[in-house]
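**Student:** Structure for the following, please:
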Amino acid sequence: MKQLIKNGLLIDGNGGEVKKDHVVVVDGEKITYAGPEKAYAATGEETIIDAQGGTILPGLIDSHVHMMMEYQPVAEKLATPFSFMYYKAAEYLKATLHAGITSVRDALGTDLGVKKAVEEGLIPGPRLQLSINALTITGGHGDGYTVSGNVMDILPSDFPGMPNGKCDGVEEVRKKTREMLRAGAEVIKVHATGGVLSATDHPEFTQFSLEELKTIVEEGRFRKGVKVMAHAQGAEGIKNAVKAGVHSIEHGIFIDEEAIELMLENGTYLVPTLLAPVAVLETAEQVGMPSTAVQKSKEVIEQHKESFTKAYKAGVKIAMGTDAGVMKHGTNLRELGLMANGGMTPMETIVASTKTAAECLGWDDKLGTIEQGKLADIIVVKRNPLEDIDSLANNDTIQIVMKNGKIEKTLF
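**Tutor:** Residues are numbered from 1 along each chain as shown. I've put the predicted structure just below:
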């Protein structure tokens, strides 16, 4: 079935001028035409989708999410049956898709069964790229040990399809990387530093040796080039990760000049997740965030913004990511306003959320821009978002969401 989207501005994801009087034609799952309306010979068989004066964009991509969780108080967590998280995840996936996010890279906690359920149409959701679980050192970010001796991991692990990520030393990290790959990991996630939500470490603490990180990268490369994404907030941990060949730095709170130079030399992506510490401070009381997380968020929030601006101005490749799960799913597009506040133009924030994010995920051959031959992941939004990038944070602004040529949401 052919569908013709017309009567809207076109932002194609490449960062050029906004196009007027253009149409997009979809046949099945793919885009077959994107160009001037007068140059397209309509057959009369197309189903017309009227953008009603809004803007047509590529489906947006969030490069850092946690689809199996939203932060909750400890008491509530302890009172929740294990299987309930899958039913909640179905809500999170739908909310993300309806926010205009048609693809995500899951940064830990989602297993292969969830991806299969989305792909086979059992539940609506964005296209998923999985890391399964993150590798972490004993006592590091991702180790839920508390001083009481109890373990309170953010998400359950050690169940079928979700190996535990704790490992120490070259041979253990090699084996654990192989376990993640065996479980279906399409990207390897590693915690190269401590983090804001950790109970027993700090964002500037360095985790894993350079040799351990190189081993993880090597194991991924052996599997037809599986890339590694590194939670890395402290400068030393960021530099170790880049030197080891990590593909993307997540968060990057304490990036320094040397780290930026290394990232530029190696073509390393930055996925800034500016929304994460903002959300911690906003929701701390409501969701029972630990006081340590609140304090660390206060410490890093301005530094985070400064590091983002420094990296952006230097020309580091930036892919949009949010850490959704730390905050509510479906609120992802607040990140674009934060990136704009950090110095990006509104168009650059859209490119970071489409073309550059697709490149970061290795999916740029099929996603990220509106052009002939690509998958028909397309959204239609009210008005021109370049005039008010913060408007995208309101889900009612997202009028139509199409994924693989199928309309998943329409407010028309």
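**Student:** Could you use CA atoms for every contact and neighbour count after this?
**Tutor:** Fine.
**Student:** Would you mark the buried spots in stretch 116-130?
**Tutor:** Residues of stretch 116-130 classed as buried by neighbour count (16 or more other Cα atoms under 10 Å): Val118, Ile123, Pro124, Gly125, Pro126, Arg127, Leu128, Gln129, Leu130.
**Student:** Buried residues in stretch 149-166, which are they?
**Tutor:** By neighbour count on 16+ other Cα under 10 Å, the buried set for stretch 149-166 is Met152, Ile154, Leu155, Gly161, Met162, Pro163, Asn164, Gly165, Lys166.
**Student:** which other residues reach the longest helix along the chain?
**Tutor:** Selection of the longest helix in the chain by residue count, based on DSSP state H, yields helix 291-314. With contacts defined as Cα atoms under 8 Å, 6 or more residues apart in numbering, helix 291-314 is touched by 196-199, 202, 251-256, 260, 272, 274, 277-278, 280-281, 284, 318, 342-344.
**Student:** From those, which land in helices?
**Tutor:** Members of those lying in helices (criterion: DSSP H): Ile260, Pro277, Val278, Val280, Leu281, Ala284.
**Student:** Adding neighbour count, distance to Met180 and pLDDT, write these out as JSON lines.
**Tutor:** Formatted as JSON lines, the ones in helices among the contacts of helix 291-314 follow (neighbours: other Cα atoms under 10 Å; distance: Cα to Cα, whole Å; pLDDT from 0 to 100):
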{"residue": "Ile260", "neighbour count": "24", "distance to Met180": "29", "pLDDT": "98"}
{"residue": "Pro277", "neighbour count": "25", "distance to Met180": "28", "pLDDT": "90"}
{"residue": "Val278", "neighbour count": "16", "distance to Met180": "31", "pLDDT": "92"}
{"residue": "Val280", "neighbour count": "25", "distance to Met180": "29", "pLDDT": "85"}
{"residue": "Leu281", "neighbour count": "17", "distance to Met180": "32", "pLDDT": "85"}
{"residue": "Ala284", "neighbour count": "17", "distance to Met180": "32", "pLDDT": "72"}
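**Student:** So which of those is the closest to Asn332?
**Tutor:** Taking Cα to Cα as the measure, Asn332 lies nearest Val278 of those, at 12.3 Å.
**Student:** For the closest one, which residues are in contact?
**Tutor:** Ser297, Ile301 are the contacts of Val278 under Cα under 8 Å, 6+ apart.
**Student:** and if you look at Asp323?
**Tutor:** His64, Val65, His66, Thr273, Leu275, Ala276.
**Student:** Okay, buried residues for stretch 8-25 please.
**Tutor:** Buried residues in stretch 8-25, counted by 16+ other Cα under 10 Å: 8-15, 18-20, 22-25.
**Student:** Would you check which pair of those lies furthest apart?
**Tutor:** Pairwise over the buried residues of stretch 8-25, using Cα to Cα, the maximum falls at Gly15 and Val25, 20.4 Å.
**Student:** on that earlier part again, just give me how far the longest helix of the chain sits from the chain centre.
**Tutor:** Centroid separation for helix 291-314 versus its chain: 18 Å, with Cα atoms, centre = their mean, to the nearest Å.
**Student:** And for stretch 404-412?
**Tutor:** In this view, stretch 404-412 has its centroid 21 Å away from the chain centroid, taken as Cα atoms, centre = their mean.
**Student:** Send over that stretch as PDB, restricted to the C-alpha atoms.
**Tutor:** Written as PDB, here are the backbone C-alpha positions of stretch 404-412 (Å, rounded to 0.1, in the frame of the first residue of the first chain):
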ATOM      1  CA  ASN A 404       8.300   0.600   9.200                       C
ATOM      2  CA  GLY A 405       5.500   2.200   7.200                       C
ATOM      3  CA  LYS A 406       2.800   1.400   9.800                       C
ATOM      4  CA  ILE A 407       1.100   4.300  11.600                       C
ATOM      5  CA  GLU A 408       1.600   3.600  15.300                       C
ATOM      6  CA  LYS A 409       0.000   6.900  16.600                       C
ATOM      7  CA  THR A 410      -2.200   9.500  15.000                       C
ATOM      8  CA  LEU A 411      -3.900  12.500  16.600                       C
ATOM      9  CA  PHE A 412      -5.600  13.500  13.300                       C
END
